[in-house]
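Asker: task: produce atomic coordinates for the following.
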Amino acid sequence: MNIRLSDDPTDISWEALAVVFHRAPLGERKPEKLREAFTRSPVRCFVWDDDRLIGAGRALTDGVTFAAVFDIVLLPEYQRKGIGSRIMEHLAAASKAPNLILHAVPGKEAFYRKLGFRKMTTAMARFSNPEKQQEQGYIE
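Answerer: Take a look at the predicted model:
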């Protein structure tokens, strides 16, 4: 394995990233929507094994107080090797914010707990399709 992290979206195949999301599994994502979300995010991380795109993550930040982390994704065969932690470290450092919040996939809480995250008791969300989010375990 020759793992490297980059924040440069120039050489990203958004179709390849959509495959990573599908295989992770974080659901189906349209390549054009991934391109928009990642290029509009001020903080991003792409993970490569040699020339193969294997993971990514992004964050929104004010650079002073808060950052919100989204779309941490890694191919299954690369999980549990410390790479996800490296993605999070990269996003936290690049966000320049001492307080991080994130939207995690149900069942992945233990991973984030190891990185110092704790469940919030007052976090709330408004989704375009709340029934689907409830079915997937994201909201009550």
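Asker: which stretches in the protein count as strands?
Answerer: 3-6, 43-49, 52-61, 66-74, 99-102 (DSSP state E).
Asker: any chance you could list what contacts the third one?
Answerer: If you take C-beta atoms under 8 Å, 6 or more residues apart in numbering as the criterion, strand 52-61 is touched by 3, 12-13, 16-17, 20, 37-38, 41-48, 67-75, 78, 83-84, 87-88, 90-91, 94-97, 100. Glycine gets a C-beta too; all of them are placed from N, C-alpha and C.
Asker: could the strands of the chain go into CSV alongside mean neighbour count, mean pLDDT and distance to residue 118?
Answerer: Formatted as CSV, the strands of the chain follow (neighbours: other C-beta atoms under 10 Å; pLDDT from 0 to 100; distance: least, C-beta to C-beta, whole Å):
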stretch, mean neighbour count, mean pLDDT, distance to residue 118
strand 3-6, 14, 98, 26
strand 43-49, 21, 98, 21
strand 52-61, 21, 98, 18
strand 66-74, 21, 97, 14
strand 99-102, 16, 96, 11
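Asker: make CSV from those strands and add distance to residue 125 to it.
Answerer: Listed next are these as CSV, based on distance: least, C-beta to C-beta, whole Å:
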stretch, distance to residue 125
strand 3-6, 28
strand 43-49, 21
strand 52-61, 15
strand 66-74, 11
strand 99-102, 11
